[in-house]
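Participant: My questions are about this predicted structure, shown below with the sequence.
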Amino acid sequence: MAEQFDVVIVGGGQAALAASYFLRRTGLTYVILDNGAQAGGAWVHGWDSLHLFSPASYSSLPGWPMPDTPEGSYPTRDEVLDYLHRYEARYTPPIRRPVTVGRVERAGEKFLNIRTNAGDFLSRAVIGATGTWSAPFIPDVAGHEFFGGTQI
């Protein structure tokens, strides 16, 4: 039997956490389905030297500021990951991991059926917060098949 929620959020990165912050204040029932094994969304897959392109003060999630970095530098991948882990620990959003969503389909007039590898979920609304990591856009550049270097 499918579990039922008012809202299902698909994806577990920053957008999902921000949506969760506001949903928890509404009294609606909701769950986050994340196919990642841990907190951090796309940041888990980032390279070691990756930094945000903005200061921490402009990159916070709702309700809790991202800690400042030394001398106003931009937060590193590890600092962002640490913040996201601590944000989840602070607000304890209802996240299920790892759960892969296969499809979303209508289930009558009022519900959607979210089919996953962990069973079905019924919901009145779905928030897509999957980001682009699982299906990155690779531009079609003439001659790319002959390039011998590393593409990032």
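Facilitator: Arrived safely.
Participant: Going by C-alpha atoms from here, please, whenever you check contacts or count neighbours.
Facilitator: Noted.
Participant: what distance separates stretch 49-66 from the middle of the whole chain?
Facilitator: 15 Å (CA atoms, centre = their mean, to the nearest Å).
Participant: Now do the buried residues in that stretch.
Facilitator: Buried residues in stretch 49-66, counted by 16 or more other CA atoms under 10 Å: His51, Pro55, Ala56, Ser59, Ser60, Leu61, Met66.
Participant: What is the nearest of these to Asp82?
Facilitator: Taking CA to CA as the measure, Asp82 sits nearest to Met66 out of the buried residues of stretch 49-66, at 9.8 Å.
Participant: Now Leu61: closest residue in space that isn't a chain neighbour?
Facilitator: Ala18 (6.0 Å; CA to CA, 6 or more residues apart in numbering).
Participant: Can you report how many residues neighbour the one you found?
Facilitator: Neighbour count for Ala18, taken as other CA atoms under 10 Å: 15.
Participant: Report the separation between it and Met1.
Facilitator: Separation of Ala18 from Met1 (CA to CA, to the nearest Å): 29 Å.
Participant: how close does the residue nearest to Leu61 sit to Pro62?
Facilitator: 6 Å.
Participant: tell me what the top strand by length along the chain is packed against?
Facilitator: As assigned by DSSP state E, the longest strand anywhere in the chain is strand 119-128. Here strand 119-128 touches strand 3-10, strand 111-116, going by 3 or more CA pairs under 8 Å, 6 or more residues apart in numbering; DSSP states H and E.
Participant: could you pull out the strands for the chain?
Facilitator: With DSSP E as the criterion, the chain has strands spanning 3-10, 30-33, 95-96, 101-107, 111-116, 119-128.
Participant: would a markdown table of those with mean pLDDT and distance to Leu23 be doable?
Facilitator: Compiled in a markdown table, these are given as follows (pLDDT from 0 to 100; distance: least, CA to CA, whole Å):
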| stretch | mean pLDDT | distance to Leu23 |
| --- | --- | --- |
| strand 3-10 | 98 | 9 |
| strand 30-33 | 99 | 8 |
| strand 95-96 | 98 | 13 |
| strand 101-107 | 95 | 21 |
| strand 111-116 | 97 | 18 |
| strand 119-128 | 97 | 11 |
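Participant: Perfect, that will be all.
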